[in-house]
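Enquirer: mind looking at a prediction? Sequence and model below.
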Amino acid sequence: MEDISLQSRIDVLSEQQVLIQDSAVAFIAQDEELKKTRDNRFVQPGFDQQTWKEMAELGWLGFLIPEQYGGIGLGFDDLHTVLIQLGKGLVPAPFVATAVIAASVLVNGDNEAVKKDRLPALVAGEWKPALAWQEARGSMCVKAEQVKVVDGKLSGRKIFVPDAGGADDFIVSAASAEGTELYLVNKDAAGLSIDYEQRVDGGFYGQLSFDRVAVGDKVAGIALAEQVLAAALDTGRVAASVELLGVMTRALEITVDYTAQRVQFDKPIGSFQALQHKMVDLFILSEISRSVVLQTIGLFDSQTSAEGRAAAASQVKARCSDAALQITKSAIQLHGGIGYTDEANIGLYLKKAMYLASWLGNASAHRARYAELTL
Amino acid sequence: MEDISLQSRIDVLSEQQVLIQDSAVAFIAQDEELKKTRDNRFVQPGFDQQTWKEMAELGWLGFLIPEQYGGIGLGFDDLHTVLIQLGKGLVPAPFVATAVIAASVLVNGDNEAVKKDRLPALVAGEWKPALAWQEARGSMCVKAEQVKVVDGKLSGRKIFVPDAGGADDFIVSAASAEGTELYLVNKDAAGLSIDYEQRVDGGFYGQLSFDRVAVGDKVAGIALAEQVLAAALDTGRVAASVELLGVMTRALEITVDYTAQRVQFDKPIGSFQALQHKMVDLFILSEISRSVVLQTIGLFDSQTSAEGRAAAASQVKARCSDAALQITKSAIQLHGGIGYTDEANIGLYLKKAMYLASWLGNASAHRARYAELTL
Amino acid sequence: MTDEQAVNEYNVMDDDTFRTMVHDFYVENYPDELRFSPHRMHWDEIGDWYLILSKKGWLTPAWPAEYGGMGLDANKLLIFMDVGESYGVGRTPDMGITMVGPLLIQHGSQEQKDHYLPKILAGEYIWCQGYSEPGSGSDLASLQTSAVRDGDNYIVNGHKTWTTLAMDANMIFMLVRTNKDGKKQEGITFLLIPLDTPGITVRPIINLAMHDEFAEVFFDDVKVPVVNVVGGENNGWTIAKALLGHERIFIGSPKFAILAMSRLKSMAKSVSLFDDPLFVERYTRLQLDIEDLFASYKRFVEVLKRGGSIGPEVSMLKIWNTETQQRVTELMMEAASENGGIQDGIETGDGLVRPAGEVIASRPTTIYGGSNEVQRNILAKAVLRLPT
Amino acid sequence: MTDEQAVNEYNVMDDDTFRTMVHDFYVENYPDELRFSPHRMHWDEIGDWYLILSKKGWLTPAWPAEYGGMGLDANKLLIFMDVGESYGVGRTPDMGITMVGPLLIQHGSQEQKDHYLPKILAGEYIWCQGYSEPGSGSDLASLQTSAVRDGDNYIVNGHKTWTTLAMDANMIFMLVRTNKDGKKQEGITFLLIPLDTPGITVRPIINLAMHDEFAEVFFDDVKVPVVNVVGGENNGWTIAKALLGHERIFIGSPKFAILAMSRLKSMAKSVSLFDDPLFVERYTRLQLDIEDLFASYKRFVEVLKRGGSIGPEVSMLKIWNTETQQRVTELMMEAASENGGIQDGIETGDGLVRPAGEVIASRPTTIYGGSNEVQRNILAKAVLRLPT
């Protein structure tokens, strides 16, 4: 598959970035046919445990975790080359949910004992926490309201917890009398029941119902919990956007490739001007997305206000969600009939885009949030 | 210029419609080069008095006026064939403002003496009234508020009165203590001053400032005035939409014609697929517009509730405004450089579309009104 | 009710009476759980309904009465269709009814008519269509499946695809190449083949909605009697094009967009989207796109009612209908937030609405039946007469 | 300030200091009434400013210092441009500065450099460009204006068009055909001609904004010395293409969209549009289109700052910039209601905003400098490498 992105034409990677990117490229090349992606669809936990192990071995799970907790403590600058490949390879693993979002919550929380104990296990791929924060469809509110904690017991419901079936523990936001707090809760805790919703990409969301469930360790108290959550979710939005960039980039490559091969009316269909202009517009969308991604990861790696990061996260999530959907939908159209079959891989890209675009706030929601933050 | 509309392929005209259409086609053929349109631009009154006389001679000014007042009392069914041609020929005449809207107000008013006296003069082209109803930019409110009538004297300001410079009298809506009333006011009445705003199409809007101006005859009292106004304006919106249909139809014809002739890269540019698909999309827009126009004029010629007519008027004005702008803007693009010169006629179509699309409520405003009326 | 006299009664019926009669029949006989099926149903789901219609004599509304059809005129036919769509009646495996029957009535020999038509009416022969091939999608005339004469038989070899409901059918009507020389359109023949003929293999294709609506059909030295040709050797292309003309108004039907919009409305009511001015604006825009499409559709229908015929210009309706449908599903997905990424739907007062499923299911409407790109090529050439 | 030493000082200056210096100079010297001119200004309006810049030594920021330029590096040059755009400094008749100078510096003979460059710097020679012809717009290489050798002269005959500000110029640089055989790109020559040469007629073209920004130039047996060729006979196409490369980042500048957006913002504030959630939604969408464009532009600028060069991929910026600009003006017009149809503007705290004028003035940006259709062809071929 030829790389048609502008990365090699106009961007410059550091030596370290190149090394990391090469290993990520090699990683996804092992499953070029997306066999693992297919095998893990629609069966619990919706991702590949073996793939997770391999990612741990490569050290990727510790990217955003400081060295003192067993991680490698690098920034988005390096991580993004991996995230792009995870998107391109439709890698069946809850990388953003666990190694970005949950890790960020733990790292920024204030329970040093928990960090020392759990983060190395996370980095090693031996322990998978999942964050349960959302209480209403479409909500981006980090204040816990519906799930309450009273005398160390949780009650209420959390929704849209990605890949909950593979989690060992949940990090749950809950309203105490004083405000929002974050607790670890074991998956097998009494009173916790989980319903699963099948996602279009073949993974699952969990709906967690708590009926007087005993909490575990506190991860962050009222002084920190909401800002820790906000930071983790915005970081997650950026990471999901980079993954979307990978999804759209590969979808476009596949499509350009296919239309250059596919002959109709005695010509490759990629030679028809209407299709060329369509693909050019998709290409522009993908490169505009890449520009915003590059700008945003730079901003997230530097010191920026929480509000500035929130606006930037909304900017990138809005663009990448829209662009990925538009590109993958058009990719189906450009493939013609074959694009609508499950056996063609291009449809898997559409479905991954549909999941990632709607998770953590879709494009409309993020444009509205951007307006609130900037107008 | 070849007719590419679907009219001849799928619609059927009555014998009478064909006769009327033929005379309108012949009428605009006299000025195929749009010399009159150009000559009357940017000079008062912004339209051609001689053209108005000729339209009167053809009987067109009495289309919507009952025979008892000197008109021919036909419906939109017949009138629309003329309106389409007026749009195609960019005929410099305030037909919709005067022979549709002002005429409708007078016909539906309750002053029999005024009707008997003035309507025959209107039909004969000897007397041109203009309706002054609007008080705020973007408003579609028929209740007079800002212009008041006290002891037979008007004070206040009316805006966006089309072709005010050519009017003999104004029909002015004014708030009396009891409600909205409609009065005739002579153009030369003491205390009335008129500022003119140049429209992009070369015509003028008048801004009327009344400073204790003595009113003339009352056209409608509080029992009728608002509903008479609403009916006239909705009728005017439909008529303007039909004129827009003519504008877009001819703009597309000119463009298809031009691209079939214009050679670049050794081929007529109309053979390039991307341009073909663009023109097809414009064609679809124009035919969707024509369908709505045909449906709406049928509805306006039958007994329908005021609310049903309002919704239908908004439906057709929204579609035709949007479609005409999109078609004429794209027509410039498809012409390339020559399209941006004043000497090419295609730009005149864009400017006419800009005027008609924004007059009496633009597409956004009418979609909002449609939602209010139907949701 | 199926004898000639009763049939004529339909066309002289008052429109409203006719409409009510059809509607009442559906209410009484069509299974509630099959209304508004999100997928094309298989014989094991919809076969009983096929037989109910067959028994009632309503299976073939457009066929002339002399061949056992209802013999409806254009107006009544449109009402018949409309009532079915409004009530959410599913499509049967109807290729025999809409394609093979009309074909045989026009081009078939007397023997062919006598043999095939009654078996279609009885639900004994269920048909599928073998037109497309892996290498011949938009460019249908480039098809390669060959039929080589061998005495009184042809030997057929090749590979058809996008064959709707092939696994439910026992007959296939197909286009095969009988001449490789000359213009590609001129060497094509129309052939009828029983699917149980040795050498035929059917392989289901799973689509993005994870449904096996289509199949591939492989032909490996399949022996077919020459009498199974319809309309003479090498005349297949002409016949197939004439059949398309027959179908034209159906590709213009606004049903996809209307149905998607009604689901969006149900969802909007159930999750209070009408309180959001941004949603109302987008909804209204789409509503007007559909109202205006409907006005256009009625304009075309008038042509049929006047006894006229519809030409390639009907492509405009197909384009507008399918692309509006896709925009509706996209608003649905966007308004559904995270539900836009899950398989399951939102429960509304009017049944389950599946935003993600709608987005996926609306993809092929711009591809099948002549992709929208091909429709635009047709309009550019046949209506705008742009140069090539 | 113009001697070599001072010049080098610019590039070693701290960015902010440099920015402030330039800005202060503009504030002090640029006429207030010419800020953000809605049209391209003629010599009688902007000529004085040309001469002020000339005197200051700031006329030619990109020229090397040895030829009298400021010799700015890529970074400083972008700041210089940016400050000018932000302050609303109008374009001078700058063809000599941006096109002819760089051309001569690279391809001119010593005599040509010695003769022309000082006269450009002094404002003595004002240039216009003779590329396009009525029959050669997108397909520039098909140009027909001929130069036939006659001793030490060429005899030039033909018809150029879209010649910006030709009525203000006294010199024209142009592409002429010196060979009609072979590939059309290979018979083109680059020629410099004084506009007062007998046989030349300039006719202004009024554009849709009712402004005479362009002109046609007619050549009727115009005698031009052979020494006026730049870069050798039949090398014109190569040279012209190299010049385009030089200009590439400028076609990618997001200034059109940003400027239109700032006017929309002024208007929105002055007529309380930000209270309308529908307007806010559309505004935000456009704002993000521009923010994202700006992020892309900066990504390209980084290439220049690293000393790299920019290829055909920059077309993506041109497309996005100009089409976003048009969408901004369309929202402006729609939000202006009836004002969308009048010439005059809406008075805001930040000056007059003319919605209809903006819609009209934004039309040509998608046409000139290679229409957006041609830009898409370029991207399809040169970047996506799609088959032909």
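Expert: Nice, thanks for sending it over.

Enquirer: ok, which residues in chain C are in contact with chain B?
Expert: Contact residues (Cβ under 8 Å from any Cβ of the partner chain) of chain C with chain B: C:274, C:280-281, C:283-285, C:287-288, C:291-293, C:295-296, C:298-300, C:302-303, C:306, C:308, C:310-311, C:313, C:316, C:319-320, C:373, C:376-377, C:379-380, C:383-388. (Each C-beta comes from the backbone N, C-alpha and C, glycine too.)

Enquirer: can you select the buried ones among those residues for me in PyMOL?
Expert: A single PyMOL command selects the buried members of the residues of chain C next to chain B (16 or more other Cβ atoms under 10 Å in any protein chain shown):
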select buried, chain C and resi 280+281+283+284+285+287+288+291+292+293+295+296+299+300+302+303+310+311+313+316+319+320+373+376+377+379+380+383+384+386+387
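
Enquirer: which parts of the stretch 51-200 of chain C are helices?
Expert: Using DSSP state H, counting those that start in this stretch, the helices of the stretch 51-200 of chain C run over C:74-87, C:95, C:101-107, C:110-121.

Enquirer: wait, which of the ones you listed is closest to A:Lys116?
Expert: Among those, the nearest to A:Lys116 by Cβ to Cβ is helix C:74-87 (65.1 Å).

Enquirer: from the contact counts, what lies against the closest one?
Expert: Where contact means 3 or more Cβ pairs under 8 Å, 6 or more residues apart in numbering or on different chains; DSSP states H and E, helix C:74-87 is packed against helix C:15-29, helix C:255-270, helix C:277-305.

Enquirer: which parts of the stretch 151-300 of chain A sit against chain B?
Expert: Taking Cβ under 8 Å from any Cβ as the criterion, the stretch 151-300 of chain A approaches chain B at residues A:272-274, A:276-277.

Enquirer: neighbour-wise, which one of those leads?
Expert: A:Gln276 (25 neighbours; other Cβ atoms under 10 Å in any protein chain shown).

Enquirer: list the contacts for that one?
Expert: A:270, B:274, D:376-377, D:380, D:384, D:386 (Cβ atoms under 8 Å, 6 or more residues apart in numbering or on different chains).

Enquirer: please report the distance of it from A:Gln261.
Expert: 15 Å (Cβ to Cβ, to the nearest Å).

Enquirer: what's the answer for A:Gly191, then?
Expert: 57 Å.

Enquirer: the two: who's more crowded?
Expert: A direct count of neighbours by other Cβ under 10 Å for A:Gly191 and A:Gln261 places A:Gly191 higher, at 14 against 10.

Enquirer: you'd agree the more buried one is up against A:Val215?
Expert: No. A:Gly191 is beyond contact range of A:Val215, at 11.0 Å (criterion: Cβ atoms under 8 Å).

Enquirer: joint contacts of these two?
Expert: Joint contacts of A:Gly191 and A:Val215 (Cβ under 8 Å, 6+ apart) are A:Lys153.

Enquirer: and for whichever residue of the stretch 51-200 of chain A sits closest to chain B, the neighbour number?
Expert: With Cβ to the nearest Cβ as the measure, A:Gly138 is the residue of the stretch 51-200 of chain A nearest to chain B, at 21.6 Å. Residue crowding around A:Gly138 was assessed by other Cβ under 10 Å; the count is 18.

Enquirer: which non-adjacent residue is nearest it?
Expert: C:Ser337 (3.4 Å; Cβ to Cβ, 6 or more residues apart in numbering or on different chains).

Enquirer: can you pull the contacts of that neighbour?
Expert: By Cβ under 8 Å, 6+ apart, the contact set of C:Ser337 is A:137-138, A:358, A:361-362, A:365.

Enquirer: first vs last residue of stretch C:304-314, how far apart are they?
Expert: With Cα to Cα, to the nearest Å as the measure, stretch C:304-314 spans 12 Å from end to end.

Enquirer: now swap in stretch A:130-142 and tell me
Expert: End residues of stretch A:130-142 are separated by 16 Å (Cα to Cα).
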